[in-house]
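*Asks:* one predicted model, sequence on top.
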Amino acid sequence: MAKKVQLRELAYARSGDKGDISDIGLMAFNKENYEILKKQVTVERVKAHFGDMVKGEVKIYEMPNINALEIVMYQALGGGAPRTLRYDQTGKSMGNALMRMEVEVE
């Protein structure tokens, strides 16, 4: 029977920015967790998770050699560090915010 868990139970994340683009490296603890991430951490789910915070496109790149996903979110930082009024203008907390997303595991 499947149960819901937060991503923090399957992986860890690092995040940063370049202008108004936020990127998150989502690294699975092991190969099994990586397979779950590939199937359930989708563009649509990431977009829904961040809601109005991410106004642009979301792209996800698979990195199977290191069991990781690179998540790139455009128009995600309110204009970038020199323009935004957000508390975290450089996107360092975006990875932590993603870790609250729930996925299903067996």
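*Replies:* In hand now; what should we look at?
*Asks:* per-residue pLDDT of the closest residue to Lys55 other than its chain neighbours, please?
*Replies:* Nearest non-adjacent residue to Lys55, counting by C-beta to C-beta, 6 or more residues apart in numbering: Gln75, 4.1 Å away. In short, each C-beta sits where N, CA and C put it, glycine included. What the model reports as pLDDT for Gln75 is 91.
*Asks:* got a list of what Gln75 touches?
*Replies:* Neighbour list for Gln75: 20-21, 54-57 [criterion: C-beta atoms under 8 Å, 6 or more residues apart in numbering].
*Asks:* how about Leu37?
*Replies:* 7, 10-11, 26, 28, 69, 103.
*Asks:* quick check: buried residues in the helix or strand it falls within?
*Replies:* Remark: Leu37 resides in helix 31-40, with elements defined by DSSP states H and E. Within helix 31-40, the residues scored as buried using 16 or more other C-beta atoms under 10 Å are 33-34, 36-37.
*Asks:* narrow the contacts of Gln75 to those in helices?
*Replies:* Among these, no member falls in helices (criterion: DSSP state H).
*Asks:* and which of those is nearest to Val46?
*Replies:* Val54 (7.7 Å; C-beta to C-beta).
*Asks:* quick one, phi/psi of that closest one?
*Replies:* In terms of degrees, to the nearest 10, the main-chain angles of Val54 are phi -110, psi 110.
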